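>>> Pasting the sequence and the predicted model now:
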Amino acid sequence: MQENKEITIQKNNKQKRKMKKVIAVATFLLTAFTVTFAQNADAVKGVWLNDNKDAKVEIYKSGDKYFGKITWTKDQYEADGKTLKKDSKNADEKLRSRTILNMVILSDLSYDDGEWTGGELYDPKSGKTYKSKVKLKGSNLEIRGYVGSPMFGKSTTWTRIS
């Protein structure tokens, strides 16, 4: 009888060690997957040059959303050379006095399956706001602005600077 108890205890110990190994491997895989997912989601962060090469936009994360603000423009000053250009074409008169420099033009993007979607893109040249989605294409960023469906829109490609 004593021998049976020892065999049972040895089997239980083997099972416990096996279970610990399974838990350790599962924890490692879950952690690796989470880190990889976060890296992919954050791949959009950085400074980008627009396709006309007349503006730089820094994309950053705030909470679980991604945003982009203008950090440089080719013609950022009025004719006097001192006054920063304003958002003069904005449909909302209250916003026309804000400067274009440091203006958030991409907002509320969420990462989902290789794309950043659900956000908005503001075009200070026209004063219009569009729904948007963003996708990495190699070292470039494809941004699609649209009204209604993504089928009815326009894409532009930005180049990563940093």
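Now that the structure is in, tell me what you want to look at.
>>> G68 and L106 touch, don't they?
Yes - applying C-beta atoms under 8 Å as the test, G68 and L106 come out as touching, 3.2 Å apart. Every C-beta, even on glycine, is put in place using the N, C-alpha and C of the backbone.
>>> Give the intersection of the neighbour lists for these two.
V57, I59 (C-beta atoms under 8 Å, 6 or more residues apart in numbering).
>>> Which parts of the protein are strands?
46-49, 55-62, 65-73, 104-112, 115-123, 128-137, 140-146, 153-160 (DSSP state E).
>>> contacts for the shortest one?
Put plainly, it is strand 46-49. The contact list for strand 46-49 (C-beta under 8 Å, 6+ apart) reads 55-59, 68, 71, 141, 158-162.
>>> any idea which residue sits dead centre in this structure?
With distances taken as C-alpha atoms, centre = their mean, Y66 lies nearest the centre of the chain, 4.3 Å away.
>>> how close does it get to Y111?
Separation of Y66 from Y111 (C-beta to C-beta, to the nearest Å): 7 Å.
>>> Roughly how far does T159 sit from L141?
Going from T159 to L141 by C-beta to C-beta gives 8 Å.
>>> Please apply the same query to D75.
23 Å.
>>> who has more neighbours, those two?
Using other C-beta atoms under 10 Å, the more surrounded residue of D75 and L141 is L141, with 24 against 9.
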